[in-house]
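**Student:** could you work out the structure for the sequence below:
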Amino acid sequence: MSNDIITSNGEVIEGDLPALLDTTMASALARVEIDSQVATARNFPRSIQAAVDAIKALATLDEQTAAECVYALPRGGKTLRGPSIRLAEIIASQWGNCRDSATVVTIDRVNKLIVAEGVFHDLQTNRGTRCTVQRRISDKKGRLYNEDMIAVTGNAACSIARRNAILAGVPKGVWRKGMDAAEQVIRGDAKTLSARRETAIASLAHFGLLPDQVFAILGVKGVDDIDLDTMVTLRAIYSGLKNGETSAEELLRGTRPEAPVHKVISNPLSDNEPEPADQESGSDNSGAQVDEMPEAGEKLPATDLIIVTARARGAQAKRDGMAKRAIPPEYRAPGREAEAEAWKAGHDAEPAPAKVAE
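**Tutor:** I've put the predicted structure just below:
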């Protein structure tokens, strides 16, 4: 049985009374909560200079914190760096008098997309920003992810949407010095550059990126070409992978040359098919073949750096409690024996993890 509600204006609203009351009550409580927060924010306004100093101090608290504040992504032949979700969290916490959140709004299993929405509300100025982010929920073969991977992708999309909303709501002048200071901490000095870059490259192997692929992403020919500034980008790439703001596949996609959009035809009115150019001749019309980036796990020459990476992965596996027989599948492939031996050597050299007394 439904009950009718008659408003003060004489309007009759049909519906179930408890349900309508619950909806009205929830809406009223939310409005009161926001109004009280806006009033509090205006009674206790923020100090902009204090926020700038606090953001810089927290972003440079230590080297690991600084590295997590920057992420990098290759686009159009260049590697772009920007503030990560971790820096956005620092910004929101120190800017104060604000609210931020993110949620998944759509899981489209037909088009294989997930959509997340981030919201930022500056209570002091009563200005809000809303950002949406789409992420693919299929692998490179077009197969739909399972439920666990969809959940992981949703969390990553929420992080990106929340970051974008915060950065759109807080002026860049407030956090620019903090990000510059974090990059300076990551850059370090030349004394420790050699050890730091090899450690960073070995860390990227956990995400399926081989050294040659890392060099292509950075736009360098080898490990010796990684200077202090490139080191910032290298650590930023690791931070983006760790925080879920990017993926190995997305990084590699940015390094592959784009196919030509249009086909050049000498005479569009001719009925004859153009003859293929003789690639063995020295003519300028011969098509140059471009080497594509190898996929993760593809057979590559076992260079010294690849061996170092394999040893580092073996040592990390032992720290994670994995047995020596748990060699990664890619190292079991023919032609990868040297890397398999390096993985086992790293596993043997790593001390056994200490057991926690019960």
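**Student:** how far does stretch 160-179 sit from its chain's centre?
**Tutor:** On the basis of Cα atoms, centre = their mean, to the nearest Å, stretch 160-179 is displaced by 16 Å from the centre of the chain it belongs to.
**Student:** so for it, what gets flagged as buried?
**Tutor:** Neighbour-count burial for stretch 160-179, counted by 16 or more other Cβ atoms under 10 Å, picks out 160-167, 169-170, 174-175, 178-179. C-betas here are computed from N, CA, C, even on glycine.
**Student:** show me which pair in these is furthest apart.
**Tutor:** Taking Cβ to Cβ as the measure, the buried residues of stretch 160-179 span a maximum distance of 21.4 Å, between 161 and 178.
**Student:** partners of residue 99 in the sheet?
**Tutor:** Per DSSP bridges, residues listed as beta-bridge partners of residue 99: residue 121.
**Student:** that one: how many residues sit nearby?
**Tutor:** For residue 99, the number of neighbouring residues by other Cβ atoms under 10 Å comes to 16.
**Student:** kindly report the same for residue 143.
**Tutor:** Counted with other Cβ under 10 Å, the burial measure for residue 143 works out to 9 neighbours.
**Student:** just the one 3 residues further on next, same as before
**Tutor:** Residue 146 is flanked by 10 other residues according to other Cβ under 10 Å.
**Student:** for the one 5 residues further on, same thing?
**Tutor:** Around residue 151 sit 14 other residues, with neighbours defined as other Cβ under 10 Å.
**Student:** next one: the one 5 residues further on
**Tutor:** Residue 156: 20 surrounding residues under other Cβ under 10 Å.
**Student:** give the contact list for it.
**Tutor:** Contacts were defined as Cβ atoms under 8 Å, 6 or more residues apart in numbering; by that measure residue 156 touches 135, 243, 244, 245.
**Student:** which of the residues you listed tops the neighbour count?
**Tutor:** Counting by other Cβ under 10 Å, residue 245 has the largest number of neighbours within those, with 22 neighbours.
**Student:** among the buried residues of stretch 160-179, which are in strands?
**Tutor:** Among the buried residues of stretch 160-179, none falls in strands (DSSP state E).
**Student:** now the phi/psi pair for the spatially most central residue of the chain, please.
**Tutor:** With distances taken as Cα atoms, centre = their mean, the residue of the chain nearest its centroid is residue 245 (1.6 Å). Main-chain dihedrals, residue 245, degrees, to the nearest 10: phi -80, psi -10.
**Student:** chain neighbours aside, what residue packs nearest to it?
**Tutor:** The shortest distance from residue 245 to any residue that is not its chain neighbour, by Cβ to Cβ, 6 or more residues apart in numbering, is 5.1 Å, and that residue is residue 71.
**Student:** assumed the one you found was part of a helix.
**Tutor:** No. Inclusion of residue 71 in a helix is not indicated when DSSP: H, G, I helix; E, B strand; the rest coil is applied; the result is strand.
**Student:** next one: it relative to residue 251, how far apart?
**Tutor:** Note on residue 71: its distance to residue 251, by Cβ to Cβ, to the nearest Å, is 11 Å.
**Student:** got it, and residue 233?
**Tutor:** Relative to residue 251, residue 233 is positioned 11 Å away (Cβ to Cβ).
**Student:** reformat the contacts of residue 156 as JSON lines; add secondary structure and distance to residue 307.
**Tutor:** Below are the contacts of residue 156 laid out as JSON lines (DSSP: H, G, I helix; E, B strand; the rest coil; distance: Cβ to Cβ, whole Å):
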{"residue": "135", "secondary structure": "strand", "distance to residue 307": "35"}
{"residue": "243", "secondary structure": "helix", "distance to residue 307": "29"}
{"residue": "244", "secondary structure": "coil", "distance to residue 307": "29"}
{"residue": "245", "secondary structure": "coil", "distance to residue 307": "30"}
